[in-house]
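need a structure here:
(chains A, B, C and D)
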Protein chains: 2
Amino acid sequence: MATPQLVDVSIDRTSPVPLYHQLAEQLCAAVTDGRLQPGDPFENEVALAQRLGLSRPTVRRAIQELVDKGLLVRRRGLGTTVANRKVHRRVALSSLHDDLDREGRTPRTEVLSHGHEVNAEAASALDLPPDTELLAITRLRYAGDAPLAVMRNWLPPAYGDISRDELEATGLYAALRARGVHAVVAHQSIAARMPTPAERRHLRIRGSQPVLTMTRMAFDSAGAAVEYGDHSYRAEDYTIDLMVDER
Amino acid sequence: MATPQLVDVSIDRTSPVPLYHQLAEQLCAAVTDGRLQPGDPFENEVALAQRLGLSRPTVRRAIQELVDKGLLVRRRGLGTTVANRKVHRRVALSSLHDDLDREGRTPRTEVLSHGHEVNAEAASALDLPPDTELLAITRLRYAGDAPLAVMRNWLPPAYGDISRDELEATGLYAALRARGVHAVVAHQSIAARMPTPAERRHLRIRGSQPVLTMTRMAFDSAGAAVEYGDHSYRAEDYTIDLMVDER
DNA sequence: TATGACCATATGTCCTGACAAAGGTTGACA
DNA sequence: TGTCAACCTTTGTCAGGACATATGGTCATA
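Alright, predicted model coming up:
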């Protein structure tokens, strides 16, 4: 068997970052920046543990992190190898909608409306009482000068203090992050239909062109409601890319 | 603190199924069938280990499986609780496209064409040489009597023996499974556009209604190409539901 | 009464050690 | 020369223990 390529790793035991994560990050970097190529054999667990002065479970856990991300493939009896690049999984939730800033077109968001309202549908999607007063936001997203999407969002009262200015300056998810919120899981539903007159106007849709729609419910790790969204995208300019995996 | 509900678990040490998985399955069942309700406190790790005569790492691994699935929430210093039902994650890759057999309408698939061809676009998506001869399939999916989707798929030569009859009888993914293949990860791209004349005819689209399109590349766990698909759905009848999570 | 120090509890991290199971390789034997 | 069994390598599973750290509550003190 070909001798595996050794990756340079430095472990800082005084750091508060767990050892397995330090290791995982450095191995991940080695794969993504090409120091390790798809198909390359990977140093085996015991040898790696020995070399770095770590226990095998710690090394195993680091490797498992990369396997979960799709960067490595383990085969019992054979060893671990770097996965085909095509199966490297994408990460963020944001990449689903936060989008093609390609061609140097700078994304920009305009807040069309911003206020409190009662919306039974949005409230029930968020598992809140139907008469809950929600923060309702309507935004128009541009790529350069071209309008791209109309985005309606409803937020629970806890985030009622998010201001119009903050939204335009930093975006919705940045505003939530600033409040220590971290949307962990979301249920999304994607469909297509013909635009409403208002959508035709906002998105400057001419002729017979559909919109791609996405509704979303987002929750934090404890299951508390974070956001309900109902977005419409110009289908001409927009596709949704995602990775799916069945483990 | 409320005394946690004890779940009845039986562990079979003679079974080839790993102990942590036996435990995870039984705990998972307890959550999904409602024996444990969202918000309920969960028996702590050490107590559970003691009660079942298992080591803590084994119990921890079982619990981790459920946390990964979104069924449980762990909070350091507090304990583990059953998650809000909204964050219970969906599982299969199949549920993404294999679809609404709701309202008792039985799904049915008709094979429109089936043969070998060279298609550079499909081949490159599958990481194969552009002149590779692929098995090309076109199918029409019905829900009851209503046409729902036109599905074009290309498969690498290894699966060139999949017959027309097999496809109609069992479906594409079942045919692949029968060959021991297991699609693990796929890159999907979703968009919307107006239908082509052929699509209008096949899907019986009248007036101004768009189609929802999905292209997909699927690979097995070793990174070998499994399938490239290009599907068009009647937007009136079809939505794509998915769970996204950022961990 | 309010506040801070301490403590109990539970999960998080890390270690050592052992054996099992699944591949591939090698070598003995027919 | 061909075949199969034994062996080696590597990952998979499991145990048991030690200490760290986050969280909430309690109790003593100002």
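
Shouldn't residue A:124 be within a strand?
No - remark: residue A:124 does not belong to a strand; assigned using DSSP: H, G, I helix; E, B strand; the rest coil, it is helix.

The residue lying closest to it once chain neighbours are set aside in helix, strand or coil?
Taking C-beta to C-beta, 6 or more residues apart in numbering or on different chains as the measure, residue A:124 lies nearest to residue A:130, with 5.9 Å between them; neighbours along the chain are not counted. For every residue, glycine as well, the C-beta is placed using N, CA and C. The assignment at residue A:130 comes out as coil when based on three-state DSSP.

quick one, phi psi at residue A:130?
Phi and psi for residue A:130, reported as degrees, to the nearest 10, are phi -60, psi -20.

ditto for the one 10 residues further on
According to degrees, to the nearest 10, the main-chain angles of residue A:140 amount to phi -120, psi 120.

domain parsing for chain A?
What automatic domain parsing lists as the domains of chain A is A:19-87, A:94-234.

Whichever strand or helix holds residue A:60 near DNA strand C at all?
In this structure, residue A:60 sits in helix A:56-69 according to DSSP states H and E. Yes - where contact is defined by C-beta under 7 Å from any atom of the strand, part of helix A:56-69 touches DNA strand C, namely A:56-58.

Quick check: of those residues, which has the highest neighbour count?
Ranked by neighbour count under the definition other C-beta atoms under 10 Å in any protein chain shown, the residues of helix A:56-69 next to DNA strand C are headed by residue A:58 with 19 neighbours.

what about stretch A:51-58, start to end distance?
Its start and end residues considered, stretch A:51-58 measures 13 Å (C-alpha to C-alpha, to the nearest Å).

For DNA strand D, tell me whether that stretch is touching it.
Yes - remark: stretch A:51-58 sits within contact range of DNA strand D at A:56-57, by C-beta under 7 Å from any atom of the strand.

what's in contact with that stretch?
Contact with stretch A:51-58 is made by A:6, A:9, A:11, A:19-20, A:23, A:43, A:45-46, A:48-49, A:59, as judged by C-beta atoms under 8 Å, 6 or more residues apart in numbering or on different chains.

how far does it sit from the chain's center?
Between the centre of stretch A:51-58 and the centre of its chain there are 31 Å (C-alpha atoms, centre = their mean, to the nearest Å).

returning to that earlier point: wait, the residue nearest to residue A:124 touches residue A:122, no?
No - taking contacts as C-beta atoms under 8 Å, residue A:130 lies outside contact range of residue A:122: 9.4 Å.

re the thing from before, each with direction, which strands does whatever helix or strand comes next after the helix holding residue A:60 pair with?
Toward the C-terminal end, the helix or strand that comes next after helix A:56-69 (DSSP H and E) is strand A:72-75. Applying DSSP bridges, strand A:72-75 is found paired with strand A:79-82 (antiparallel).

Only the buried residues of the partner strand, if you could.
Neighbour-count burial for strand A:79-82, counted by 16 or more other C-beta atoms under 10 Å in any protein chain shown, picks out A:80-82.

Going by proximity to DNA strand D, name the top residue of chain A.
residue A:44 (3.2 Å; C-beta to the nearest atom of the strand).

Show me what from chain A comes close to DNA strand C.
Counting by C-beta under 7 Å from any atom of the strand, chain A comes close to DNA strand C at A:18-21, A:53-58, A:75-78.

Quick one: buried ones out of these?
If you count burial by 16+ other C-beta under 10 Å, the buried members of the residues of chain A next to DNA strand C come out as A:19-20, A:54, A:58.
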